[in-house]
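Q: curious how this folds, go ahead:
(one chain, ligands or ions: 3)
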Amino acid sequence: MDISEWEQQHNDTYFEMKDDLKKVRGVFVAYNCNIDAIRHIDENDINKLLELVDEKKVKSRLMEYPRQIDSPEDFVARLIISMRDGKAAEVPTYTLDIHEWLSENLGSDVSRMGGQAGIISNLLANMEIKNIIAYVPWLAKEQAEYFVDKENMLHPVIVDGKLELVHPKNAYSSDNEPKVNWIIEFSKDIDFEFSGEKIRVPRDNRLIVSSRPPWIRIDMDQEIYEHLQEVYRGIDGAILAGYQMIKETDEDGNTYDHYVEKSVKLIKKLKEVNPSIRIHVEFTSIQNRLIRRVILKQIVQEHVHSLGLDTVEVANALNVLGYEELAYAVIKKDERAIDALYEGSVILLHELKLERVHVHSLGYYICVISKNSPATPEDHKKSLLFSSTVAAARALVGDISKLDDCDAGLDVPVWEQGYNKFETLESHLIQRGIGTLKDLEDGCVCTPTHDVIIIPTKVVEKPAATVGIGDTISAAAFVSMLSRIQKNNLAKVRV
Ligand SMILES: Nc1ncnc2c1ncn2[C@@H]1O[C@H](COP(=O)(O)OP(=O)(O)O)[C@@H](O)[C@H]1O
Ligand SMILES: O=P(O)(O)OC[C@H]1O[C@](O)(CO)[C@@H](O)[C@@H]1O
Ligand SMILES: [Mg+2]
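A: Ligands and ions are numbered 1, 2, ... in the order given. Here you go, the predicted model:
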């Protein structure tokens, strides 16, 4: 199929999938919500920041490449690296001092909902999907105000010993404080000088300072946990994210095993609430390699059905699973990269015993599916095409505030460069005997051990916002897949 036929496929599928969303009875979303303090900086700002820090210290930090931000010098060093190399980065800070320092010396332009779970909760509630049940262990009053004010936006609370679902603004604890992340955005071609080196920013990008306050815990209130089966409204799927918050040993002396056990217990509880529930984990950048491996091998493997991640995260996952060479091939920007990405996705599917691995990359998605997936390859393909249109709408407009806003994605073209990468993979797979030209033209290949869906996707030339588009892609695809499972089940009942 040529690019115009792929555009037609997007548009033919869209209205059917949009309509099917109403078949989903409810989605549970946990854990991480942030307030994202967003600041776009220019030359003046970077020069002002440089005056506020010790140049010698920054120089030495630049060499050391800090993995966490403990001081203003660490922050400025990571900012210079991001601006100079044009690479998006997300760096944790364990001290609240950085938030204070940035508030005093930089300030933010706007604050918005952040965190995979926060972004996904709002997206799905705005897409008018029934019963979006968010669970945030550290829900504070200020954070609760960032949830969309809609009736289907819910959070569990215990009232007189019984579980109730209310809007998050009525569910917060006044003991909690908001978790604020800083998103420092900068544009291509900014010029500045540091220690005699002239630096020109090669592309629009951002540095994310992910706060990790001492009170953060990936856990669930015991009373809510015990009453969870009272959620009788039917939860067809769960989207879980935020495991990157788990520490090797926390301030209370609990090791990561404690939180792995709690996380697995919640997944098992959700399966008690609905034995046919599908569980999705949205991945993210996890600096700590031990924690990254523990999440994959002890939470995702055996307990989770679906994994969403971008290409860098595929490489990072492969790396800690022992596939260092393949991980490097995924990251290298050469012809083989997309092949390695496909191979790596298949390895993740089998090694982590998943039903589905959905990888999003700029211009194409790859989704590998196990032979026992409750949705057909055609269902998966339609859900990917639908999510490509929804993501394009979000990139174009900056947000989705109602389901019809997604229609805006229909006018976004499939990206030529993404289509070319798709064709590269198509030809390599045919050369290796994995699928015929006909299969690949449809983007749907069935092999003896797994099925593969590959689609070229819509890309917005000048996106209004980029943070959270990956979360949007994964959530829209996963939930529309849930609607297909519901549709198939309803069809069986009718027969
Ligand atoms: N301009 C754009 N138009 C459409 N999709 C985009 C655009 N920019 C980024 N994307 C999609 O968003 C994804 C980013 O996902 P990810 O890296 O997981 O970031 P996040 O999780 O913060 O959203 C990319 O892989 C790409 O598929
Ligand atoms: O790991 P954290 O601190 O929850 O942040 C995860 C992501 O959520 C965001 O708030 C928005 O996606 C970003 O700050 C960050 O990339
Ligand atoms: Mg992501």
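
Q: off-centre distance for the longest helix seen in the chain?
A: The longest helix of the chain (DSSP state H) is helix 469-494. From the chain centre to the centre of helix 469-494 is a distance of 18 Å (Cα atoms, centre = their mean, to the nearest Å).

Q: mean confidence (pLDDT) on it, please.
A: Mean pLDDT, computed over helix 469-494, is 90.

Q: for it, name the packing helices and strands.
A: Packing partners of helix 469-494 (3 or more Cβ pairs under 8 Å, 6 or more residues apart in numbering; DSSP states H and E): helix 3-20, helix 116-126, strand 237-241, strand 278-282, strand 306-310, strand 356-361, strand 364-369, helix 377-397. Heads up, the C-betas are built off the backbone N, CA and C, glycines and all.

Q: now it against helix 377-397, angle please.
A: Inter-element angle recorded for helix 469-494 and helix 377-397: 140 degrees (by axes from the mean of the first three to the mean of the last three Cα atoms, to 10 degrees).

Q: can I get stretch 452-470 in PDB, CA atoms only?
A: Backbone C-alpha positions of stretch 452-470 (Å, rounded to 0.1, in the frame of the first residue of the first chain) are rendered in PDB as follows:
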ATOM      1  CA  VAL A 452       3.200  -8.500  14.200                       C
ATOM      2  CA  ILE A 453       1.400  -5.300  13.300                       C
ATOM      3  CA  ILE A 454       3.400  -2.500  11.800                       C
ATOM      4  CA  ILE A 455       1.800   0.800  10.700                       C
ATOM      5  CA  PRO A 456       3.200   4.100   9.400                       C
ATOM      6  CA  THR A 457       1.700   6.800  11.500                       C
ATOM      7  CA  LYS A 458       0.500  10.500  11.300                       C
ATOM      8  CA  VAL A 459       3.100  13.100  12.400                       C
ATOM      9  CA  VAL A 460       2.300  16.800  13.100                       C
ATOM     10  CA  GLU A 461       5.000  19.000  11.600                       C
ATOM     11  CA  LYS A 462       4.800  21.700  14.400                       C
ATOM     12  CA  PRO A 463       3.300  20.100  17.500                       C
ATOM     13  CA  ALA A 464       1.600  22.300  20.000                       C
ATOM     14  CA  ALA A 465       2.900  20.100  22.800                       C
ATOM     15  CA  THR A 466       5.000  17.000  23.000                       C
ATOM     16  CA  VAL A 467       5.000  15.800  26.600                       C
ATOM     17  CA  GLY A 468       2.600  12.900  27.000                       C
ATOM     18  CA  ILE A 469       2.000  12.000  23.400                       C
ATOM     19  CA  GLY A 470       3.600   8.600  24.000                       C
END
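
Q: show me the shaky parts of the chain.
A: Counting by pLDDT under 70, the chain contains low-confidence ranges at 232-233, 492-495.

Q: so which bits of it are right by ligand 2?
A: 32, 34, 36, 90, 114-116, 119, 181, 183, 208, 210, 242, 244, 284, 467-468 (Cβ under 6 Å from any ligand atom).

Q: out of the residues you listed, which touch ligand 1?
A: Checking these against ligand 1 by Cβ under 6 Å from any ligand atom, the ones in range are Val467, Gly468.

Q: and Leu49, how far from Glu64?
A: 19 Å (Cβ to Cβ, to the nearest Å).

Q: with neighbour numbers in mind, choose between those two.
A: Leu49 (21 against 9; other Cβ atoms under 10 Å).

Q: for that one, what are its contacts?
A: Ile41, Val76, Leu79, Asn105, Leu106 (Cβ atoms under 8 Å, 6 or more residues apart in numbering).

Q: any idea what the closest residue to ligand 2 within the stretch 51-200 of the chain is bridged to?
A: Per Cβ to the nearest ligand atom, Gly114 is where the stretch 51-200 of the chain lies closest to ligand 2, at 2.6 Å. As for beta bridges, Gly114 partners with Asn34 under DSSP bridges.

Q: residue contacts, it?
A: Cys33, Asn34, Ile35, Asp36, Asn181, Ile183, Val467, Gly468.

Q: relative to Pro66, how far out is the residue of the chain positioned farthest from its centre?
A: Distance from the C-alpha centroid of the chain peaks at Gly196, with 38.4 Å (Cα atoms, centre = their mean). Between Gly196 and Pro66 the distance is 22 Å, computed by Cβ to Cβ.

Q: just Ile81 next, same as before
A: Counting by Cβ to Cβ, the gap from Ile81 to Pro66 is 9 Å.

Q: cool, and Lys247?
A: 18 Å.

Q: and Ile38, by the same measure?
A: The span separating Ile38 from Pro66 equals 22 Å under the rule Cβ to Cβ.

Q: just Val300 next, same as before
A: Distance check for Val300 against Pro66: by Cβ to Cβ, it reads 28 Å.
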